[in-house]
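> Sequence first, predicted coordinates after that:
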Amino acid sequence: MQTVYDFQVKMTNGEQKSLREYEGKPLIIVNTASKCGLTPQFKGLQELYSKYNDQGLEILGFPCDQFNNQEYANIDETMNFCQVNYGVTFPMFAKVDVNGNSTDPLFKYLKEQKKGLLSSRIKWNFTKFLVDGHGQVVKRYGPTIKPSIIEHDLAKLL
C-alpha cells in the first residue's frame, strides 16, 4: 500500500529528498503562497511547529503559484519572505503545481486520498493535509481553516 513516504520532493536547492526521512512522524503538508490574503496562516503553522516539533510534528510547505500568481518567481525571495515576516523554521520545498497536467505526484496522491468538498481539486492556497506517523492521509482542511483548528486532530497523532 502506498504512503506519503513513497514520494520524493524537490528541495529549494533543486535536490531530491525522500519523504521516508519523516517516517513515524505526523505531518502537515500545505501548499503556500507569499502574497495571498491567507498568507498570515504562516504564523499559525509556525506556532504549531514550535509547540509540537519536539513531539515529532513536521510541517512541509510547498510554495505554489497557481492561484492568481501569488508567489515570488524566485524561491530565494519566497524563503526570505517566510523567514523575515513569519519566522518560518519548518521545511519549505521547491515550488509545485497542485492542479492540472503538471501536478506534483505528492499532491496528486494527497488529493486522491482525501478529496475536497465537491472534487479532489485544490481550490486555493493553504489547503492542508494531516498525515499520521504511518504515512496515511488522515484529513484534509480547506484554505480558510486556521492552523489552530488542526491542533485537536493533531494531538491524537502525537
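Arrived safely, thanks for sending.

> how about the helix or strand of the chain at the bottom of the mean pLDDT ranking: buried residues?
Ranked by mean pLDDT, DSSP states H and E, the weakest helix or strand in the chain is helix 75-86, scoring a mean of 93. Neighbour-count burial for helix 75-86, with 16 or more other Cβ atoms under 10 Å as criterion, is recorded at 75, 78, 79, 81, 82, 86. Backbone N, C-alpha and C define where each C-beta goes, glycine included.

> show me what contacts the third one?
So the one you mean is residue 79. By Cβ atoms under 8 Å, 6 or more residues apart in numbering, the contact set of residue 79 is 12, 92.

> At the geometric centre of the chain, which residue sits there?
Geometric centre of the chain, nearest residue: residue 30, 1.9 Å, by Cα atoms, centre = their mean.

> What is the distance between the least confident helix or strand of the chain and the centre of its chain?
Remark: helix 75-86 is offset 16 Å from the chain centroid, using Cα atoms, centre = their mean, to the nearest Å.

> Mind giving me the packing neighbours of the following helix or strand past it?
Next along the chain after helix 75-86, taking DSSP states H and E as the criterion, comes helix 105-113. If you count contacts as 3 or more Cβ pairs under 8 Å, 6 or more residues apart in numbering; DSSP states H and E, helix 105-113 packs onto strand 27-32, strand 137-141.

> in its sheet, what does the shortest one sit against?
Pointing back at strand 137-141 there. Strand pairing for strand 137-141, using DSSP bridges, gives strand 128-131 (antiparallel).
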